[in-house]
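S.K.: Quick one, structure for this:
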Amino acid sequence: QLLLANALSQLSNGHTDATIVHVHGVRAGLFTYLSLSKYSSSIRPYTLVYTEHLYTKDYSLSNPLRGAIQCILLRKWLHTVDHIIAVSHAVENYLLDVMRIPATHISVVHNGVIVPSTFAHPSTSQPIIGSIGSLNRIKGYSDLITVMRYIRQEIPGAQCEILGTGALYARLRNQIKRLRVGDSVHLIGQPRSIEAHLNSWRLFVSTSYSESFGLAVAQAMAHKLPVVAYKVGGLPELISQDSGRFVKKGDGMGLALAIENMMRHPGILDDLGEAGHNHIRAYFTVDKMVDALRAIYTKEISLRSNTS
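M.R.: Numbers count the residues shown, from 1 in each chain. All right, here's what the predicted structure looks like:
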């Protein structure tokens, strides 16, 4: 934090109105807020922009007290910055309704992904269902592992790969062992190439109980993978009936039936994957994200110049 405070102090000396400081994420935001305590927005010579990647109305910490403290500090921080970027309209709604941020201080800029030029989703006797995310409570992987006990019976040979690391690795591994699905559910960890896995899967599943945007989902769709997901957060801005299927959060049987239905119809998988890919290419590329950020930077620099 001392290093951050020194860096911000140096930025306050000799910089022009054209300087943008862009902070990403709650942790970085709170550290910046604490480091900025001696500087008010009126005397900062630079524009402070913040992107909120986490909070929607679905999100909460497992420790209520810690969550309450974090929200108090986050509100103070949000009212300090010059402009806030929300990665989805779900995040925007949280900022408006819960944090009471004026609409004029918020812009929605969806995350962008790189769209690949080659794809390979083989039709095999062992189709792979995949998911990517941290192994934590929010990602809901216990639900997916439980569902695979049903799927492996209805779709013989079906496999499930979960990419990611996290605090729940041991617990999930024990669940796999207890349910006796170790021959079909695989905790991959952090692979060298995510691309290789995406290209080998036939279906992407998201069991997240909170998702501000759904970057992994967007990456999967860019790779022409259809999606089955809990309907939370920003995912309805990504997935439509043309590219995937939604399930009510926590509905294990609904999740199982949706996966089974899609896996039984390869033609539907292909059509949904193609539609999802086209949707990502049209609206959620890195180039579109960069253009939107550049426009916000230009506008904020102009506003500061006109008021200084």
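
S.K.: mind pulling up the phi and psi values for Ser206?
M.R.: Torsion angles at Ser206 (phi, psi; degrees, to the nearest 10) stand at phi -120, psi 120.

S.K.: Can you give me the pLDDT of it?
M.R.: Note on Ser206: pLDDT of 98.

S.K.: Arg27 now?
M.R.: 90.

S.K.: cool, and Ser125?
M.R.: 74.

S.K.: Verify the contact between it and Gly157 for me.
M.R.: Yes: using C-beta atoms under 8 Å, Ser125 is in contact with Gly157, at 4.9 Å. From N, CA and C alone the C-beta is placed, and that goes for glycine too.

S.K.: Neighbour count for these two, which is higher?
M.R.: More neighbours surround Gly157 than the other of Ser125 and Gly157, with 11 against 7 (other C-beta atoms under 10 Å).

S.K.: Helix, strand, or coil at the more buried one?
M.R.: coil (DSSP: H, G, I helix; E, B strand; the rest coil).

S.K.: hang on, it packs against Pro127?
M.R.: Yes: with contact defined as C-beta under 8 Å, Gly157 reaches Pro127; the gap is 7.2 Å.

S.K.: Against Gln153, how distant is the residue nearest the centre of the chain?
M.R.: Geometric centre of the chain, nearest residue: Gly214, 3.4 Å, by C-alpha atoms, centre = their mean. Applying C-beta to C-beta, to the nearest Å, one obtains 29 Å for the distance of Gly214 from Gln153.

S.K.: got it, and Ala103?
M.R.: From Ala103 over to Gln153 the distance is 50 Å, taken as C-beta to C-beta.

S.K.: Then Tyr33?
M.R.: For Tyr33 relative to Gln153 (C-beta to C-beta), the value is 52 Å.

S.K.: Distance of Arg245 relative to Ile259?
M.R.: Separation of Arg245 from Ile259 (C-beta to C-beta): 9 Å.
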